[in-house]
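quick one: sequence plus predicted model below, questions after.
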Amino acid sequence: MHVVVNAAVSADGKLSTRRHEQVRISGPDDFDRVDRLRAESDAVLVGVGTVLADDPHLTLDDPDRRANRERRGEEPTPARVVVDSTGRTPTDARILDDAATTYVLAAEAIADERRAALESAGAEVLVAGEERVALAAALDALEDEGIEALMVEGGGEIIFSLFEAGLVDELSVYVGSLLIGGRDAPTLADGEGFVESFPSLSLRDVSRIDDGVLLRYDVGTE
Ligand SMILES: NC(=O)c1ccc[n+]([C@@H]2O[C@H](COP(=O)([O-])OP(=O)(O)OC[C@H]3O[C@@H](n4cnc5c(N)ncnc54)[C@H](O)[C@@H]3O)[C@@H](O)[C@H]2O)c1
Ligand SMILES: Nc1nc(=O)c(N)c(NC[C@H](O)[C@H](O)[C@H](O)COP(=O)(O)O)[nH]1
């Protein structure tokens, strides 16, 4: 599986405010780039923190991109994936509508009622790990479902865990021209943080988009 992480951060590296409220960091051209990245992916993954904070839809905006996928024999919009150990995703979350297949990656800790509620809301629940989702095994389960190209759209906890598990191949960071601030505001990679061995990034490309800068890295190459 090929895993691409994409996120938009403020000039001080924040994903959103200390209240975890979504901030529009990207401009129209960057959102169009994100739509194109989605169109090239088999699935788009977020953590449940992002579902609870933003209620994202994670579908394709551009009708031509949807039509192109259908011409290639693919679903018009990539599958959606939420990493959600105990099944906290609300049953009326936008990612559970019928616009695309939605997988909930859960842990064995998920209560039977939550699993049943999510399944009747249309989700396919895949279980990996005991208390928390075991990401390597969960991504293997997605691969068994035919997902080869995976795009990750945050947030900071899930991005950190994917790097910690060595599962990321590419990182795209759009740095918008604003400051958000706040020691408790989510950043690109939260979690416990690294202290000794840091994932190595190799800068592949820098470009100006809208009023900000896109940084593209390969991961784990010296
Ligand atoms: N600017 C951007 O590009 C962007 C993108 C996405 C989210 N956001 C922002 O990020 C915030 C949400 O990020 P977050 O970090 O709180 O949540 P997140 O989306 O990273 O989800 C984290 C949650 O996933 C669950 N989880 C299960 N298994 C896990 C594992 N192995 N490792 C890590 N988490 C696991 C846990 O419940 C954890 O709390 C929101 O404020 C949202 O607006 C911004
Ligand atoms: N690329 C990007 N630029 C931003 O300025 C911003 N705030 C996000 N935030 C990611 C967000 O948390 C959601 O996951 C999806 O961007 C919402 O997707 P929908 O439009 O609902 O499909 N992402």
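All right, it came through fine. Ligands and ions are numbered 1, 2, ... in the order given.

which parts of stretch 15-29 are buried?
15-17, 20, 23, 25-27 (16 or more other C-beta atoms under 10 Å). Glycine gets a C-beta too; all of them are placed from N, C-alpha and C.

same question for stretch 104-114.
Residues 104-107, 110, 114 are the ones in stretch 104-114 that count as buried (16+ other C-beta under 10 Å).

how close does Tyr4 get to Ala116?
Heads up, residue 4 is Val, not Tyr. For Val4, the distance to Ala116 (C-beta to C-beta, to the nearest Å) stands at 33 Å.

how far does stretch 73-80 sit from the chain's center?
16 Å (C-alpha atoms, centre = their mean, to the nearest Å).

now do it: everything it contacts.
The contact list for stretch 73-80 (C-beta atoms under 8 Å, 6 or more residues apart in numbering) reads 38-39, 41-45, 58-60, 66-67, 69-70, 95, 99-103, 145, 147, 151.

among these, which are in strands?
Counting by DSSP state E, the part of the contacts of stretch 73-80 found in strands is 43-45, 102-103, 151.

on that earlier part again, tell me which of the buried residues of stretch 15-29 is nearest to Pro186?
Minimum distance to Pro186 across the buried residues of stretch 15-29 is 4.4 Å, recorded for Leu15 (C-beta to C-beta).

mind listing what the nearest residue to that closest one once chain neighbours are set aside touches?
Using C-beta to C-beta, 6 or more residues apart in numbering and skipping the chain neighbours, the partner closest in space to Leu15 is Pro186 (4.4 Å). Applying C-beta under 8 Å, 6+ apart, we find Pro186 in contact with 14-16, 20, 49, 155-157.

hang on, the earlier thing: could you dump the ones in strands among the contacts of stretch 73-80 into TSV and include distance to Leu126 and pLDDT?
Output for these, formatted as TSV (distance: C-beta to C-beta, whole Å; pLDDT from 0 to 100):
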residue	distance to Leu126	pLDDT
Ala43	12	98
Val44	16	98
Leu45	12	98
Thr102	11	98
Tyr103	6	98
Met151	18	98
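
any part of the longest helix belonging to the chain near ligand 2?
When the chain is parsed with DSSP state H, its longest helix is helix 28-39. Yes - interface with ligand 2: helix 28-39 contributes Val34 (C-beta under 6 Å from any ligand atom).

so how far is that helix from its chain's centroid?
With C-alpha atoms, centre = their mean, you get 14 Å for helix 28-39.

now do that helix, average pLDDT.
Regarding helix 28-39, the rounded mean pLDDT is 97.

for that helix, buried residues please.
Within helix 28-39, the residues scored as buried using 16+ other C-beta under 10 Å are 30-34, 37-39.

dump the residue contacts of the residue nearest to Val152 when sequence neighbours are not counted.
Nearest residue to Val152, sequence neighbours excluded (C-beta to C-beta, 6+ apart): Val5, at 4.5 Å. Residues in contact with Val5, defined by C-beta under 8 Å, 6+ apart, are 151-152, 154, 159, 162, 168, 170-172.
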